[in-house]
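J.: Have a look at this fold, sequence not included:
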DNA sequence: TTAGGGTTAG
């Protein structure tokens, strides 16, 4: 204690104040200033309050206290500093307290600095009305034209999701600088207006890394992952400094595409460029590897991470569930609890799905009950849906129905959909029809319900049922979402749609399709024509099956990838039963591992077997 | 003293 006193230089007692200073040390500095009469010097006092507020936001009440008990009226500088400190903290609304203090002091009036941070405080507090009032008084005082205030306003209105106001502020700028342009690019990209954002981005004379990140993140967020990656290569070509934020977006894009090769490359890039693996970046890596079907790498990253949060644990738990490792998923969840990481609603969704994969029905139900009992988490629609799925997949249709009937909230499409899917698996026509009616009552144009029910009909050779569904779909103008499969070859992503002939190597693909079909048949594959239901005449059925997008992608993979290289495919819909069957045969006769990412889970095909054990 | 982007899990 005395040593610290000696350390404080008489002429500059504030130099010891920084973010590492502890409360007792602050007391000492305070006492020192007091003893030496520094606090009677208004500029020095203001400096003390400001430094304290800005470097130790946790001690804001202390700063506040100092100000209230000040021997002289607080200066604008001190008040502004408190506004600034509050504007980014957990109590942004308190910034207004100091603003009013400025307004009520006859000697003071707010300046552009005040408004800059008041605008930020409004954004942080999500206080749209207060923000508009701040804007109005800045205008009245002629301070709204300050570039800092304007950038803040753009940011604020974007935060409030008020695109018109955002644009109005921007339009009023006479000469927008990089900062304002970047803010606008971010605002547009963040609200989903990626193309407008890109237009502005392209028009910028100068672009710093922040503008690139805003743009790449924008693409990545709206799911335009290919463009995110393209822009990233452009960014590198231009030699722009790449940081953590960029890589998080790049990994998100790779995860979305299921582009393992590019994801691995990104991981290598992070290591080579010594970009620190923070919790966020590590979690993004785990998510990328899980969604690309490489759970071994995902867990390697997981175990190597020092700091892990709920997101990190949840993404590993979810990855294991998605990839069919139900047992490991549950083990990891137990470990998570042992490590005192509190699971949340998202975690429980994955845990219940893990139970579903492992066929542990009662265990799943226990976890569901523990949500409320042990963690006070009120189950969401999604959790109810998962439990219906859990019962349904296990063939316990009665339990599923009873569960739906006992739901304390109105059953949603997801719950009925899970039941309908169970009816498909267990061929229960009557219950399937009932579930479909329920779904259509809620969403008359739900294409999935029509498709599932017609699958049930087709399975029982009820062609009349199938065609009546086709009729009512036509009558209601419901169309099935077109299937699309994506495969990555040589770092390039290739997309295939049903019956797509547009690929440059289509001729070779067609030959390979014939080969696949011929060799699979020899091994005992029989086409399931039941799966083709829409607008196709009988005799074309078998042909059409060969043209399902995943088959095209597999054919291309067999041609374009090296011997023994795993074929990885990402599909936007669920794999149909026929393709699932066919892929099993292909994996055997071509001795090739094939990993297909479905709409909601993975299928690892090897030697004629699928990891989902046909339980999907 | 000041501004802008960004984030991960179902």
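T.: Nice, I can see it. Keep in mind the model is a prediction, meaning the values are calculated, not measured.

J.: tell me which residues of the one helix or strand residue A:27 maps to are tucked away?
T.: Using DSSP states H and E, residue A:27 sits within helix A:23-35. Across helix A:23-35, burial judged by 16 or more other Cβ atoms under 10 Å covers A:25, A:26, A:28, A:29, A:30, A:32, A:33. Just so you know, the C-beta spots here come from the backbone N, C-alpha and C atoms, and that holds for glycine as well.

J.: ok, the fifth one - contacts?
T.: Pointing back at residue A:30 there. Contact analysis of residue A:30 by Cβ atoms under 8 Å, 6 or more residues apart in numbering lists A:48, A:66.

J.: roughly how far apart are it and residue A:46?
T.: To residue A:46, residue A:30 is 14 Å away according to Cβ to Cβ, to the nearest Å.

J.: In space, what's closest to residue A:353 - neighbours in sequence excluded?
T.: Excluding the flanking residues, the one nearest residue A:353 by Cβ to Cβ, 6 or more residues apart in numbering is residue A:321, at 4.4 Å.

J.: For whichever helix or strand that neighbour is part of, what does the pLDDT average out to?
T.: Here residue A:321, judged by DSSP H and E, is contained in helix A:310-322. Regarding helix A:310-322, the rounded mean pLDDT is 95.

J.: Kindly report the same for stretch A:174-186.
T.: Stretch A:174-186 shows a mean pLDDT of 89.

J.: got it, and stretch A:19-34?
T.: 85.

J.: Distance from it to the middle of the chain?
T.: 43 Å (Cα atoms, centre = their mean, to the nearest Å).

J.: now do stretch A:324-338
T.: 22 Å.

J.: Pull the number of nearby residues for the residue of the stretch 501-616 of chain A found nearest DNA strand B.
T.: Proximity of the stretch 501-616 of chain A to DNA strand B (Cβ to the nearest atom of the strand) peaks at residue A:600, 7.0 Å away. Neighbours of residue A:600 under the rule other Cβ atoms under 10 Å: 9.

J.: That one belongs to a helix?
T.: No - under DSSP: H, G, I helix; E, B strand; the rest coil, residue A:600 sits outside any helix and is assigned coil.

J.: tell me the SS of residue A:126?
T.: coil.

J.: Please determine how far it is located from residue A:213.
T.: 23 Å.

J.: what does the strand or helix carrying residue A:60 rub up against?
T.: According to DSSP H and E, residue A:60 maps onto helix A:60-68. Helix A:60-68 has contacts (Cβ under 8 Å, 6+ apart) with A:23, A:26, A:30, A:48-49, A:52-53, A:56, A:74, A:78-79, A:82, A:85-86, A:89, A:91, A:94.

J.: The residue lying closest to residue A:609 once chain neighbours are set aside: which element?
T.: Leaving aside its chain neighbours, residue A:609 sits nearest to residue A:584 (6.6 Å; criterion: Cβ to Cβ, 6+ apart). Using DSSP H and E, the element containing residue A:584 is helix A:577-589.

J.: Skip ahead from that helix and say which helix or strand is next.
T.: strand A:594-597.

J.: Near DNA strand B, which residues of the stretch 101-250 of chain A? Just list them.
T.: Within the stretch 101-250 of chain A, the positions near DNA strand B by Cβ under 7 Å from any atom of the strand are A:112-113, A:116, A:120, A:147-148, A:151-152, A:154-155, A:158, A:177-179, A:182-183, A:186-187, A:189-190, A:208-211, A:213-214, A:217-218, A:221, A:243-246, A:248-249.

J.: what residues are up against residue A:184?
T.: A:154, A:166, A:170, A:176, A:197, A:200.

J.: hmm, back to that, dump the buried residues of helix A:23-35 into JSON lines; add distance to DNA strand B as well.
T.: Listed next are the buried residues of helix A:23-35 as JSON lines, based on distance: Cβ to the nearest atom of the strand, whole Å:
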{"residue": "A:25", "distance to DNA strand B": "23"}
{"residue": "A:26", "distance to DNA strand B": "19"}
{"residue": "A:28", "distance to DNA strand B": "24"}
{"residue": "A:29", "distance to DNA strand B": "19"}
{"residue": "A:30", "distance to DNA strand B": "20"}
{"residue": "A:32", "distance to DNA strand B": "23"}
{"residue": "A:33", "distance to DNA strand B": "19"}
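
J.: now, which of those sits nearest residue A:576?
T.: Nearest to residue A:576 among the buried residues of helix A:23-35, counting by Cβ to Cβ, is residue A:26 at 67.1 Å.

J.: burial count for residue A:480?
T.: For residue A:480, the count of nearby residues is 16 (other Cβ under 10 Å).

J.: Give me the pLDDT for it.
T.: 81.

J.: And it, how far from DNA strand B?
T.: Residue A:480 is 23 Å from DNA strand B, where distance means Cβ to the nearest atom of the strand, to the nearest Å.

J.: does that residue sit in a helix, a strand or a coil?
T.: Per three-state DSSP, residue A:480 ends up coil.

J.: Pretty sure it sits against residue A:451.
T.: Yes - assessed by Cβ atoms under 8 Å, residue A:480 is found in contact with residue A:451 at 6.0 Å.

J.: Any part of the helix holding residue A:321 near DNA strand B?
T.: Yes - counting by Cβ under 7 Å from any atom of the strand, DNA strand B is contacted by helix A:310-322 at A:310, A:311, A:312, A:314, A:315, A:318, A:322.

J.: So which elements touch that helix?
T.: Applying 3 or more Cβ pairs under 8 Å, 6 or more residues apart in numbering; DSSP states H and E, one finds that helix A:310-322 makes contact with helix A:279-291, helix A:295-304, helix A:326-338, helix A:345-358.

J.: Tell me which of those sits nearest to residue A:500.
T.: helix A:279-291 (23.8 Å).

J.: Contacts for the closest one, please.
T.: With Cβ under 8 Å, 6+ apart, helix A:279-291 has contacts from A:244, A:247-248, A:251-252, A:254-256, A:258, A:260, A:263, A:266-267, A:270, A:275, A:277, A:295, A:297-298, A:301-302, A:305, A:307-309, A:311-312, A:315-316, A:318-320, A:322-323, A:597.

J.: and these, which are buried?
T.: A:244, A:247-248, A:251-252, A:254-256, A:258, A:260, A:263, A:266-267, A:270, A:277, A:295, A:297-298, A:301-302, A:305, A:308, A:311-312, A:315-316, A:318-320, A:322-323, A:597.

J.: Can you check which helix is longest in chain A?
T.: helix A:506-522 (DSSP state H).

J.: who's in contact with it?
T.: In contact with helix A:506-522 (Cβ under 8 Å, 6+ apart) are residues A:503, A:546-547, A:551-552, A:554-556, A:558-559, A:582, A:585-586, A:589-590.

J.: Just the buried ones out of those residues, please.
T.: Here, 16+ other Cβ under 10 Å leaves A:503, A:546-547, A:551-552, A:554-556, A:558, A:582, A:585-586, A:589-590 buried among these.

J.: Pipe those residues into CSV and attach distance to DNA strand B per row.
T.: Formatted as CSV, the buried ones among the contacts of helix A:506-522 follow (distance: Cβ to the nearest atom of the strand, whole Å):
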residue, distance to DNA strand B
A:503, 30
A:546, 32
A:547, 30
A:551, 26
A:552, 26
A:554, 24
A:555, 29
A:556, 27
A:558, 29
A:582, 27
A:585, 29
A:586, 27
A:589, 33
A:590, 30
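
J.: wait, which of those is closest to residue A:342?
T.: So of the buried ones among the contacts of helix A:506-522, ranked by how close each gets to residue A:342 (Cβ to Cβ), first place is residue A:554, at 42.6 Å.

J.: Cool, thanks, talk later.
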